[in-house]
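> predicted coordinates and the sequence they were generated for:
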Amino acid sequence: MIPKIFAVISSAVLISCSGNSHESKPDAAADKDSTLHNLPPVETKEANTKYKPAFEGQTRIAGMKTATELDIKVISEGLVNPWGIAVLPDGRLLITEKGGTLRIATTGGELSTPILGLPAVSSEGQGGLLGLTLDPDFGNNRMVYWVFSEKTGGGNLTAVAKGRLADDEKKIEGPVVIYRATPAFAGTLHYGGRILFDKNGNLFVSTGERSDLETRPKSQDLATGLGKIVRITKEGKPAAGNPFINTAGAMPENYTYGHRNVQGLAIHPETGDLWENEFGPRGGDEVNRIEAGKNYGWPAISYGLEYSGGKIGDGLTQKEGMEQPAYYWDPVVSPSGMTFYSGDLIPEWKNNLFIGCLSGSHILRLEIKNNKVIGEERLLTDRQDRFRDVQQGKDGALYAVCDGAHGKLYRIGKK
């Protein structure tokens with residue numbers, strides 16, 4: 001559905017595709033800190049399905065453009081398959097590499113030697129060392145929490161561990177696994193893998209349903225940890241107040257269910273709400289606002305198709321008792337790490353959601369009002385990089401990492 005364009009903006013600024021280190025300068029008629037709204041939707045490709053959205057604006061919302069002149073730089077190409085970013089108190093970046101090591105990057109792009117000492121990861125397929133977060137009291141205890149795929153006797157699973165970053169920053173001390181999303185499965189796909197703290201000092205962790213037809217139904221099964229967002233303590237125990245603590249047969253750490261493969265988690269800086277993104281199959285990538293105890297539908301409902309082109313299950317997009325995505329994409333963009341912008345460097349981005357996209361090869365910007373997406377922008381589309389994570393730095397710039405053996409680290413700031 002293409003929203004009506006309410007005004008023709010003759011002085012609209014086009015994002016430069018020249019490959020230079022900055023975007024083109026806005027026209028003088030445009031407010032330098034005002035987003036240009038009500039442009040045509042950014043998605044122009046034909047959808048995979050003929051499914052109708054559940055409400056207006058659920059997909060292909062009006063486009064928008066950042067008016068602020070941006071400074072976009074690749075500050076390093078020395079990372080090896082980077083996956084997640086955590087911002088250290090001094091502004092440097094702690095970055096996971098899929099093969100099982102951590103690196104520290106300065107905001108100028110200088111990289112540390114690999115930080116060792118983490119438990120072994122199962123790095124085949126989509127597995128490896130995944131998302132990470134810092135203890136809220138990191139300045140005193142130097143504790144790091146991370147998600148990884150772990151090999152077990154029954155296959156592989158999504159696990160969470162914690163350990164102390166040594167004072168010399170060369171190793172992780174005393175690593176211990178605190179949580180495992182069971183059952184294990186002999187596959188290498190859909191581990192989820194993001195982790196962050198809530199306001200009460202508990203951890204939100206996303207898991208995948210492991211992709212195969214055999215494991216898909218487990219995302220609807222509260223007796224498993226697959227296809228869930230879980231909420232646990234720093235010790236890996238179910239957090240107090242979790243919605244299924246008193247539900248017979250349910251794993252008490254489960255917070256929400258019916259997810260496919262959640263690779264993005266972020267908390268809105270003003271409302272405090274948890275948001276997530278997850279991969280659809282062929283179409284049907286989603287963004288959801290997360291509410292405790294809710295069922296987000298997979299695989300009973302989906303706006304996508306099987307990779308073969310067939311329907312998912314009965315081909316339903318809505319079902320009683322199951323949540324609708326706040327927004328979805330068809331065709332897919334492959335959303336991964338994400339963050340809400342809360343800085344002052346670029347005021348027009350305040351409270352906007354930024355998502356690194358893999359197959360989409362861009363960084364998405366979504367404006368959200370009253371829990372609905374009201375505008376979409378695609379940044380860095382000319383770079384053709386697979387963006388795995390994007391986070392806001394202490395300096396108000398965005399930092400993004402890209403897949404690859406020579407993984408890039410971008411800084412996106414104000415010119």
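Happy to help now that I have it.

> tabulate the CA atom coordinates of stretch 208-217 in PDB.
Provided in PDB are the C-alpha atoms of stretch 208-217 (Å, rounded to 0.1, in the frame of the first residue of the first chain):
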ATOM      1  CA  GLY A 208      15.800 -19.100  17.600                       C
ATOM      2  CA  GLU A 209      13.600 -22.100  16.800                       C
ATOM      3  CA  ARG A 210      16.500 -23.800  14.900                       C
ATOM      4  CA  SER A 211      14.800 -23.400  11.500                       C
ATOM      5  CA  ASP A 212      13.900 -27.000  10.600                       C
ATOM      6  CA  LEU A 213      10.400 -28.300  10.200                       C
ATOM      7  CA  GLU A 214      11.000 -30.600  13.100                       C
ATOM      8  CA  THR A 215      11.800 -27.800  15.500                       C
ATOM      9  CA  ARG A 216       9.500 -25.000  14.300                       C
ATOM     10  CA  PRO A 217       6.600 -26.100  16.500                       C
END
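
> what sits up against it?
158, 185, 187, 189-193, 218-219, 226-227, 259-262, 298-299 (Cβ atoms under 8 Å, 6 or more residues apart in numbering). The C-beta positions use only the backbone N, C-alpha and C, and glycine is treated the same way.

> what's the average pLDDT for that stretch?
For stretch 208-217, the mean per-residue pLDDT is 98.

> ok now that stretch, how far from the chain's centre?
Chain-centre distance of stretch 208-217: 20 Å, with Cα atoms, centre = their mean, to the nearest Å.

> any buried residues in it, and which?
Under the neighbour-count criterion of 16 or more other Cβ atoms under 10 Å, stretch 208-217 has G208, E209, R210, S211, T215, R216, P217 buried.

> same question, stretch 72-91
Within stretch 72-91, the residues that count as buried by 16+ other Cβ under 10 Å are I72, I75, S76, L79, N81, P82, W83, G84, I85, A86, V87, L88.

> these in helices, which ones?
In helices, defined here by DSSP state H, there are no members of the buried residues of stretch 72-91.

> centre-most residue in the chain?
Closest to where the C-alpha atoms of the chain average out (Cα atoms, centre = their mean) is G264, at 2.0 Å.

> list the contacts of that residue.
Contact analysis of G264 by Cβ under 8 Å, 6+ apart lists R194, W275, E276, N277, E278, P335, S336, G337, M338, I355.

> what residues are recorded as beta-bridge partners of it?
N277 (DSSP bridges).

> and which of the buried residues of stretch 72-91 is nearest A239?
A86 (20.7 Å; Cβ to Cβ).

> now do the closest one against G337, distance only.
From A86 across to G337, the span is 11 Å (Cβ to Cβ, to the nearest Å).

> find residues that contact each of the two.
Residues within reach of A86 and of G337 at once, by Cβ under 8 Å, 6+ apart, are Q391.

> now the buried residues of stretch 72-91 in a markdown table, with distance to C402 and pLDDT?
Compiled in a markdown table, these are given as follows (distance: Cβ to Cβ, whole Å; pLDDT from 0 to 100):
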| residue | distance to C402 | pLDDT |
| --- | --- | --- |
| I72 | 13 | 98 |
| I75 | 12 | 98 |
| S76 | 10 | 98 |
| L79 | 8 | 98 |
| N81 | 10 | 98 |
| P82 | 7 | 98 |
| W83 | 11 | 98 |
| G84 | 13 | 98 |
| I85 | 12 | 98 |
| A86 | 17 | 98 |
| V87 | 18 | 98 |
| L88 | 21 | 98 |
